[in-house]
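# I need the structure of the sequence given here:
(one chain, ligands or ions: 1)
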Amino acid sequence: MAKILLIEDEKRLAATIAYNLKREGHLTVVAKDGESGLQSARQEAPDLILLDLMLPKLSGLQICRVLRAESEVPILILTAKDSEADKVAGLELGADDYVTKPFSMRELVARVGALLRRSGTTTQSVVRAGDLRIDLGSREVFVGEASINLSRKEFELLAALARCKGRPVSRRALLDSVWNDVFVGDHTLEVHIRWLREKLETDPSQPRHLLTIRGFGYKLQDPANQ
Ligand code: CA
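From the prediction side, this is the model:
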C-alpha cells in the first residue's frame, strides 16, 4: 500500500490505471500534464511515480531528468511501442523500469509491486499512530482497546491518510481517492475530517493525530513525533 503519482494525459488510460492501483490498496494521485506532474511530485512526495513520456507542457524525459536531480523516488515509465529510443533515454536518465503500451493491468500492477518492494516501501496492513490503530486489511479501527465505528467514507479517508502516515496528502488526492468521480467539494472533505476527529481525538478542537496542513490538505501524525 503506497502513494503513487500517475502522470498521464490519456484520460481513459489514467482512470483505468488509477482504478487498478486502488484495488491493490494504493492511493493514486493523477496529474494530466507534465507541469502539474512535476509540481505534484514535489508536493505529494509519492512512493512511486508512473510517468508517461509523451505529455503536454513538459515531456516525461524532462521530468525524469529534473526529478532524478532532486530525489530517489522510483520511476516507472510508460512508453509507446515504437519509441525504443525514448525508453533507453528514460532509463539512462534514471528511470527504474518501463512498460510498453499497450500493457496489461496485471503486468503494470506486478511491476509496481516489484518496484515498491525493491525500494523498501512498507506494505504493512496495520498502521499505528500513538494510541490509534488502523487495520487496513480487516477495516477495523481502535483507539487504545476501544473499537471505533466508522462509516465507509470515514474509513476510506482515514485509510488514505494512514497509507501516507507522517506525510501531507493534498485535498485533491483525498477527494480523488475517497470520492472517485463523484463531484464533491472541499466542504464534504472538511465535514468528514471533523467527524473523524470527533471519533478519534481526545479533544477534536485540538487534534493530535489528524492534522490540517494549511492551504494543502491533511496528514496523519504520530503524536509522539510532533
Ligand atoms: Ca501521452
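# Could you report the distance from the residue lying closest to Asp131 once chain neighbours are set aside to Asp96?
Computed as C-beta to C-beta, 6 or more residues apart in numbering, the closest residue to Asp131 that is not its neighbour in sequence is Gly144, at 4.9 Å. Placement of C-beta: from N, CA and C, glycine included. Per C-beta to C-beta, to the nearest Å, Gly144 is found 41 Å from Asp96.
# of the two, who's got more company?
Per other C-beta atoms under 10 Å, whichever of Gly144 and Asp96 has more neighbours is Asp96, with 19 against 9.
# For the closest residue to the more buried one other than its chain neighbours, give me phi and psi.
Once flanking residues are discounted, Asp96 sits nearest to Pro74: 4.8 Å by C-beta to C-beta, 6+ apart. Torsion angles at Pro74 (phi, psi; degrees, to the nearest 10) stand at phi -60, psi 130.
# does Pro74 really touch Ala114, like I thought?
No. Contact criterion C-beta atoms under 8 Å: Pro74 and Ala114 do not qualify, at 10.0 Å.
# Pick out whichever of those two has more residues nearby.
More crowded of Pro74 and Ala114, by other C-beta under 10 Å: Pro74, with 22 against 14.
# For that one, give me the pLDDT.
In this prediction, Pro74 carries a pLDDT score of 95.
# how close does it get to Leu51?
10 Å.
# follow-up on the earlier one: shared neighbours of Pro74 and Ala114, anything?
Residues touching both Pro74 and Ala114 by C-beta atoms under 8 Å, 6 or more residues apart in numbering: Asp97.
# Helices of the chain, start to end?
Using DSSP state H, the helices of the chain run over residues 11-23, 34-44, 60-70, 84-92, 105-118, 152-163, 171-179, 186-200.
# mind checking which of those helices is nearest Arg208?
helix 186-200 (9.6 Å; C-beta to C-beta).
# Can you report the mean pLDDT over the residues of that closest one?
On average, helix 186-200 scores 96.
# got the buried residues for that helix?
Residues 189, 192-193, 195-197, 199-200 are the ones in helix 186-200 that count as buried (16 or more other C-beta atoms under 10 Å).
# now swap in stretch 20-31 and tell me
20-22, 24, 26-31.
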